[in-house]
Every structure is written in structure tokens, then in C-alpha cells.
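Asker: heads up, no residue letters with this:
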């Protein structure tokens, strides 16, 4: 289990992580999502003792990471799969990780097999690895200590579709065996398929959290109408938020009943009316982080 309570990190007048609180539970995969610069990586670094919080705390298995005896035996961490010594072989890299975790050398072969790196590939120097192979090696390093918790930053980066599918199965099996998985990713479709719980962060603050089903079910109402413009204007006059999807449907914060009553009052035809869960995680993510994306563009300009 990972317990984050009022975690904050400031750098001078800039607040990178702003009073976030959430729990990643055993037996579940928790997706940690947010735009670039939202504070995800800083928060994950605080969880594993690489950055000291300004206030609040992060507990892993009930303790701060640095207080765990032989942390790699309890927590598998992959924050940057490219940060590996290019001159070592994959096997040498894992042997060092196993030694630091106090694991026997046979744990290296187990980890290599688990992530699908062949003995021949393990003897190659890391500098000759593709990004996808480095990701597999990084994940092997996180797993070599047989930990109960995984903290993974962009674990699918560089993997081909078959590799992504493989990783999805590995993490699902890990959680099914009682492990805790916290992962960040920009591949929202993959997160939607694998995650049980979601935590979304923007400007260093949590903008939404809960189970995947709760959040997607609470994504508003999808409406289809040949009088889309008039219906959208009527919904906005009534105080409801309205966005237009690429397929022409409206997505509104109003409930289905509110939409139906308003359409009846305005004598507008509605051809489709349902919860907007079908819009998926990507649509919800873009809606929740739209303000931050606009601000980032303005700052760049």
C-alpha cells in the first residue's frame, strides 16, 4: 500500500506538488495521470525518497521509503529506464540490482525471464538496447527484489503493441497476486484498460480521483441532436457546461433528466441521450486538464 497525505513540494515561490492526498491499495493498479509538468514525477520521487517533501508525507507499506529495511525487497521502482549504465550488459545491470536487494543470483534469471529478455539479449551491452528493451530491463530491475509494491513512471514508453499487451498482463497478474501498482503514463487508452483506480493531477493538485468506473460514470451526459447549436446554447443558459465532441455530439455536465426536460421545454429534438462514459478516459482527462493546457500554451507564447 502507498499512502500519500498532504504531500507538498515547493522550490522557492514555485509549488510543484500542492497538498495531494490519495492511497494506492494492494491488489489494484492505480493510474497516476496528468499533463507534462503537472507534478507527477516530483510526487513519485518523494514517494521513493529521492526528493524531500516540504510538508506532508508518503508512506510505503506503512513507513517512509528510507525507513524500509532493504527497500528494493519491498518496493520496485522504475522512474527513468534510460538512466542505465550503457557500458554494462543487461545481466550485469540486474546482477548489481539483485546484490543491492540482497537477492541470490538466480533472481537475475527469474527477472529476465519474467520480462521476456532472452539470455542472448541479456549479454548485450545496454548501450545497444532499443528503448523498448531498456524499458523491459528497467522493469526487471524493479521486479528483481520480488517486491510487494511497484512504482513505475511511463513503463510502456518505447514498447511496441505486443510489448504493451505483455506489460498489461504482467501488471494485472502482479496486482491479482496482492501487489500494489502505481504507474504514470501518457498512453491513456492503455491506462484505461489496466487501471482499477485513477488519480489525476494538474498544477500540482489533484483534480479527480476514484475508481475508474466512478470517474467515467461521472463524466456527464452525451447528447445528439440535429439542433445541436440551439440545444448547447440552451444548456449553457441554464448554467451547464457544454463541450462538442469530434463526432458532433454534445457532452454536458447536466444529467440526462435535465437535458430531456430542457429539450422538451425548448421543443428541440434529441436523437441520443446517455451517460458519457463512452467518451472514455481521454475525453475526461482533456476536460479536467484543459485549463492547464491553455495556460501552458499562453506561457510558451
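Answerer: Everything's here; your move. Keep in mind that what you see is a predicted model, and the values were worked out from it rather than measured.

Asker: low-confidence ranges, the stretch 151-300 of the chain, go.
Answerer: Residues of the stretch 151-300 of the chain that meet the criterion pLDDT under 70 lie in 217-219, 246, 276-280, 283-284, 287-300.

Asker: tell me where it has helices.
Answerer: Assigned by DSSP state H, counting those that start in this stretch, the stretch 151-300 of the chain shows helices spanning 161-176, 188-194, 212-217, 228-237, 256-266, 280-288, 290-300.

Asker: residue 18: which of these is closest?
Answerer: Proximity to residue 18 (C-beta to C-beta) singles out helix 290-300 among these, at 12.6 Å. C-beta: built from backbone N, CA, C; applies to glycine.

Asker: count of neighbours near residue 8?
Answerer: A count of neighbours around residue 8, defined by other C-beta atoms under 10 Å, yields 17.

Asker: so where does it fall, helix or strand?
Answerer: Element membership of residue 8 [criterion: DSSP states H and E] is strand 2-11.

Asker: hmm, what's the outermost residue in this structure?
Answerer: Most distant residue from the mean C-alpha position of the chain: residue 267, 43.2 Å away (C-alpha atoms, centre = their mean).

Asker: how is this protein carved up into domains?
Answerer: For the chain, automatic domain parsing gives the domain ranges 2-211, 218-300.

Asker: ranking these by burial, who's on top?
Answerer: Among the domains of the chain, domain 2-211 has the highest mean neighbour count (mean count of other C-beta atoms under 10 Å), at a mean of 18.

Asker: for the nearest residue to residue 107 once chain neighbours are set aside, give its distance to residue 168.
Answerer: Nearest residue to residue 107, sequence neighbours excluded (C-beta to C-beta, 6 or more residues apart in numbering): residue 98, at 4.8 Å. Using C-beta to C-beta, to the nearest Å, one gets 26 Å for the distance from residue 98 to residue 168.

Asker: before we move on, the earlier item: can you list the helices of the stretch 151-300 of the chain in a markdown table and add distance to residue 41?
Answerer: A markdown table is the format used below for the helices of the stretch 151-300 of the chain (distance: least, C-beta to C-beta, whole Å):
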| stretch | distance to residue 41 |
| --- | --- |
| helix 161-176 | 19 |
| helix 188-194 | 16 |
| helix 212-217 | 22 |
| helix 228-237 | 37 |
| helix 256-266 | 39 |
| helix 280-288 | 17 |
| helix 290-300 | 16 |
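
Asker: wait, what's in contact with the closest residue to residue 258 other than its chain neighbours?
Answerer: Of all residues not flanking residue 258 in the chain, residue 240 sits nearest, at 7.2 Å (C-beta to C-beta, 6+ apart). Residue 240 sits next to 252, 253, 254, 258 when contact means C-beta atoms under 8 Å, 6 or more residues apart in numbering.

Asker: looking at those, which is nearest residue 124?
Answerer: residue 253 (53.3 Å).

Asker: the closest one contacts residue 236, correct?
Answerer: No. Between residue 253 and residue 236 there is no contact under C-beta atoms under 8 Å: 10.4 Å.

Asker: common neighbours of those two, please.
Answerer: With C-beta under 8 Å, 6+ apart as the test, residue 253 and residue 236 both reach residue 242.

Asker: next, work out how far apart the residue nearest to residue 152 when sequence neighbours are not counted and residue 99 are.
Answerer: In this structure, residue 152 finds its nearest non-sequential neighbour in residue 183, 4.4 Å apart by C-beta to C-beta, 6+ apart. Residue 183 is 26 Å from residue 99, where distance means C-beta to C-beta.

Asker: now the contacts of residue 240 in CSV, with distance to residue 84?
Answerer: Shown next, in CSV, are the contacts of residue 240 (distance: C-beta to C-beta, whole Å):
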residue, distance to residue 84
252, 48
253, 46
254, 51
258, 54
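
Asker: quick check: strands, which of the residues you listed are part of them?
Answerer: With strands taken from DSSP state E, the overlap with these comprises residue 252.

Asker: closest to residue 50 out of the contacts of residue 240?
Answerer: Within the contacts of residue 240, the smallest distance to residue 50 is 39.1 Å, found for residue 253 (C-beta to C-beta).

Asker: wait, what's in contact with that closest one?
Answerer: Here residue 253 is in contact with 220, 221, 240, 241, 242 (criterion: C-beta under 8 Å, 6+ apart).

Asker: what about the strands in the chain?
Answerer: According to DSSP E, the strands that the chain contains are 2-11, 14-24, 29-33, 55-60, 75-78, 149-153, 180-184, 197-202, 205-211, 221-224, 242-244, 250-252, 272-275.
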